[in-house]
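1. build me a structure from this.
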Amino acid sequence: MLLPVTAEINKDSRISIGGCDVSELKSKYNTPLYIIDVATVKKQCRDYLKFFTFGDFDSEISYASKAFCTIPMCQAVKKEGLSIDVSTGGELYIALKSGFEPEKIYFHGNNKSADEIKFGLDYKVGTFIVDNFNELEILNRLAGERNIRQRIFLRITPGIKAHTHKYIQTGAIESKFGFGIYGGAAMDAAKEAASSENIELLGLHAHIGSQIFNIEVYEKLIDTMLKLASDIKTGLGVKLTHLNIGGGLGIRYVPEDEPSSIEDLSNVVVRALRKYTKQYDVKIDKIYLEPGRSIIGNAGTTLYEAGNIKCIPGIRNYVSIDGGMSDNIRPILYQAKYYAYIANRASYIGSIEKGDIKRNAAAAVAASGSGSATGIGGSVTGIGGSAVEGGAADPKSKSSQGSGSAPGLIKYNIVGKHCESGDVIIEDIEMPEVRTGDLILVAATGAYCYSMSSNYNGQPRSAVVAVEDGKHCYWVERQTFEDLVSKDKKLKEC
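-> Numbering: from 1, shown residues only. Alright, predicted model coming up:
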């Protein structure tokens, strides 16, 4: 899926999500607006629980909260039966405030402060994922002061490069995360943890990266981790029966993406577990997975209003929206690709089925003759139109049509309102005519958009609204201008 599973074109030719017309959401909540489809979140959680149920291994699915961490989101995954992982004291606080049982919380982080470790211990967090020797020493000491024997996993750097952007590769030899197998650090960490009086070493953890399409890499990961478990058993006499393989399953951001399914991943994982437990003569009682993006990514969309439409004849066309890099930093941070639709005039799309576009014959005819979009590979390209600077699109301005565009389509850059030339959300997307006041819906923004948002240029952080069965409500209220200065102090001599 690209859009949420409940997305559809309603009788007024507008996109509806969760039974809620996005134009009506705009009227009530304004834009920019993050929209979360609760049904999609539930479906993804349930698919993980369904497909990662094995007869010969117990399993646990833990939501990677860094993807999108708010109190209602934590409550939603808790209700679906997932545990949760957190990476900072702040995420831990949000999880606890949401009502998560501490024993169902897994505390990550490559540089936990002593205060964060104390916070986790004092609130009886179930499991720490220990990343380095410094943390291991501090945790053992602080746990002893509290008469606690703390359960841990050791985070291992397996030396595997996932085929993804280098900024979201986390398992390579040179990674800042974890104890490397190369050089012997992982074995040394296992020895120290096993001999620490206040530490209970449960198992091994690894996370090789995010947005992974080549899921066969998980077989290599399991091979590597079970070989290490075998070496630890042989060398130290320590049997580790719990294995956490992290998350990383990729999602569809643009129509041409072809991610693997949750079921596909489960098949790779269970085959590898059966193969390598036998090969290395190790016993695994429980397998853990930490999905984040693949639970919330396609459940989220962001709604914007188009403002200034600018045409540089023969060069480029721009659609300026009322948000930008402050609510979605990913395109400028690591060249992430997104896709968009004109949500208030969506008949050109055809239809939406289970989150994907299905172009019908009427839409194809309209696309070729009236400036509406045509499909590529069964999916629809975005939005477009000839434009003049400073106002609505001008259909007479033929010079603004991009070279190589399909008939009736124009290439646009969808750009933000911030003082950066790199504030581009989508580059060279082909769309029907865009007009000032149109609603632009960007797909697949549930993960790492709100969680990485900022107040750059004094932009208040956008609201988050949840939709389900025709109902809608705030998950996070929009910041106000007053919120921007609520913690500021007046200038004074110190």
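2. I figured D223 hits A272, correct?
-> Yes. Counting by CB atoms under 8 Å, D223 touches A272, with 6.7 Å between them. For every residue, glycine as well, the C-beta is placed using N, CA and C.
3. the more surrounded of these two?
-> Comparing D223 with A272 by neighbour count (other CB atoms under 10 Å), the higher total belongs to A272, at 20 against 17.
4. so where's this structure shaky on pLDDT?
-> Scanning the chain for pLDDT under 70 picks out 161-174, 360-407.
5. so which residue of it lies furthest out from the middle?
-> Relative to the C-alpha centroid of the chain, counting by CA atoms, centre = their mean, E493 is the outermost residue, at 44.4 Å.
6. ranges for the strands of the stretch 251-400 of the chain?
-> 286-289, 300-312, 316-321, 340-342, 351-353, 356-358, 375-376, 379-380 (DSSP state E, counting those that start in this stretch).
7. would you turn those strands into JSON lines with mean neighbour count?
-> Shown next, in JSON lines, are the strands of the stretch 251-400 of the chain (neighbours: other CB atoms under 10 Å):
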{"stretch": "strand 286-289", "mean neighbour count": "21"}
{"stretch": "strand 300-312", "mean neighbour count": "22"}
{"stretch": "strand 316-321", "mean neighbour count": "23"}
{"stretch": "strand 340-342", "mean neighbour count": "28"}
{"stretch": "strand 351-353", "mean neighbour count": "17"}
{"stretch": "strand 356-358", "mean neighbour count": "19"}
{"stretch": "strand 375-376", "mean neighbour count": "16"}
{"stretch": "strand 379-380", "mean neighbour count": "24"}
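8. and these: which comes nearest W475?
-> W475 lies closest to strand 300-312 among the strands of the stretch 251-400 of the chain, at 10.6 Å (CB to CB).
9. given the closest one, what are its sheet partners and their directions?
-> strand 33-37 (antiparallel), strand 316-321 (antiparallel), strand 439-442 (antiparallel) (DSSP bridges).
10. let me have these in JSON lines, extended by distance to L96.
-> Converted to JSON lines, the strands paired with strand 300-312 look like this (distance: least, CB to CB, whole Å):
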{"stretch": "strand 33-37", "distance to L96": "21"}
{"stretch": "strand 316-321", "distance to L96": "36"}
{"stretch": "strand 439-442", "distance to L96": "32"}
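11. which one, of those strands, ends up nearest to G297?
-> Taking CB to CB, strand 33-37 is the member of those nearest to G297, at 11.0 Å.
12. which residues sit against the closest one?
-> Contact with strand 33-37 is made by 4-7, 17-18, 22, 25-26, 73, 296, 299-303, 327, 445-446, 449-450, 462-468, 475-476, as judged by CB atoms under 8 Å, 6 or more residues apart in numbering.
13. which is the succeeding secondary structure element to it?
-> helix 38-51 (DSSP states H and E).
14. now whatever helix or strand comes next after that next one and helix 38-51, what's the angle there?
-> Downstream of helix 38-51, the next assigned helix or strand under DSSP H and E is strand 58-64. With axes from the mean of the first three to the mean of the last three CA atoms, to 10 degrees defining the directions, strand 58-64 sits at 150 degrees from helix 38-51.
15. what is the helix or strand just after strand 58-64 packed up against?
-> For strand 58-64, the following helix or strand on the C-terminal side (DSSP H and E) is helix 71-79. Counting contacts by 3 or more CB pairs under 8 Å, 6 or more residues apart in numbering; DSSP states H and E, helix 71-79 is packed against helix 38-51, strand 83-86, helix 89-97.
16. including distance to G250, could the strands of the stretch 251-400 of the chain go into a markdown table?
-> Converted to a markdown table, the strands of the stretch 251-400 of the chain look like this (distance: least, CB to CB, whole Å):
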| stretch | distance to G250 |
| --- | --- |
| strand 286-289 | 14 |
| strand 300-312 | 16 |
| strand 316-321 | 26 |
| strand 340-342 | 20 |
| strand 351-353 | 21 |
| strand 356-358 | 16 |
| strand 375-376 | 20 |
| strand 379-380 | 17 |
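17. minimum distance to K176: which of those strands has it?
-> Going by CB to CB, the one of the strands of the stretch 251-400 of the chain nearest K176 is strand 286-289, 21.9 Å.
18. got the residue ranges for the helices in the chain?
-> All helices of the chain, identified by DSSP state H, fall at 22-29, 38-51, 71-79, 89-97, 114-122, 133-145, 185-195, 217-236, 262-280, 293-296, 330-334, 361-370, 481-485.
19. what's the longest one packed up against?
-> Judged by 3+ CB pairs under 8 Å, 6+ apart, the packing partners of helix 217-236 are helix 185-195, strand 199-205, strand 242-244, helix 262-280.
20. which of those is buried the deepest?
-> strand 242-244 (a mean of 25; mean count of other CB atoms under 10 Å).
21. what lines up beside that strand in the sheet?
-> strand 199-205 (parallel), strand 286-289 (parallel).
22. returning to that earlier point: out of the helices of the chain, deepest packed?
-> When the helices of the chain are compared using mean count of other CB under 10 Å, helix 293-296 is most buried, at a mean of 30.
23. touching that one from outside, list them.
-> 36, 41, 44-45, 48, 63-64, 67-68, 73, 77, 210-211, 247, 249-251, 262, 446-448.
24. burial check on the spatially closest residue to Y253 that is not a sequence neighbour, number of neighbours?
-> Distance criterion CB to CB, 6 or more residues apart in numbering; nearest residue to Y253, sequence neighbours excluded, is A444 at 4.9 Å. As a burial measure, A444 scores 28 neighbours (other CB under 10 Å).
25. residue contacts, A444?
-> Here A444 is in contact with L2, L3, I251, R252, Y253, G297, N298, G300, T301, Y338, Y339 (criterion: CB under 8 Å, 6+ apart).
26. reformat these as CSV; add distance to Y288.
-> Supplementary listing: those in CSV, determined by distance: CB to CB, whole Å:
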residue, distance to Y288
L2, 29
L3, 30
I251, 20
R252, 25
Y253, 26
G297, 20
N298, 23
G300, 25
T301, 30
Y338, 31
Y339, 32
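27. wait, which of those residues is closest to F54?
-> Using CB to CB, the contacts of A444 come closest to F54 at I251, 23.7 Å.
28. once you drop chain neighbours, what's closest to that closest one?
-> Nearest one to I251, counting by CB to CB, 6+ apart, is G297 at 4.3 Å.
29. phi and psi next, for the one you found.
-> As for G297, its main-chain torsions (degrees, to the nearest 10) stand at phi -60, psi -60.
30. buried ones in stretch 50-65?
-> Buried residues in stretch 50-65, defined by neighbour count with 16 or more other CB atoms under 10 Å: F51, F52, F57, S59, E60, I61, S62, Y63, A64, S65.
31. my bad, should have said stretch 440-457
-> 440-453, 456.
32. and that stretch, how far apart are its ends?
-> 22 Å (CA to CA, to the nearest Å).
33. export the helices and strands packed on helix 71-79 to TSV and tack on distance to N198?
-> Below are those laid out as TSV (distance: least, CB to CB, whole Å):
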stretch	distance to N198
helix 38-51	33
strand 83-86	21
helix 89-97	20
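34. with that, I have no additional questions.
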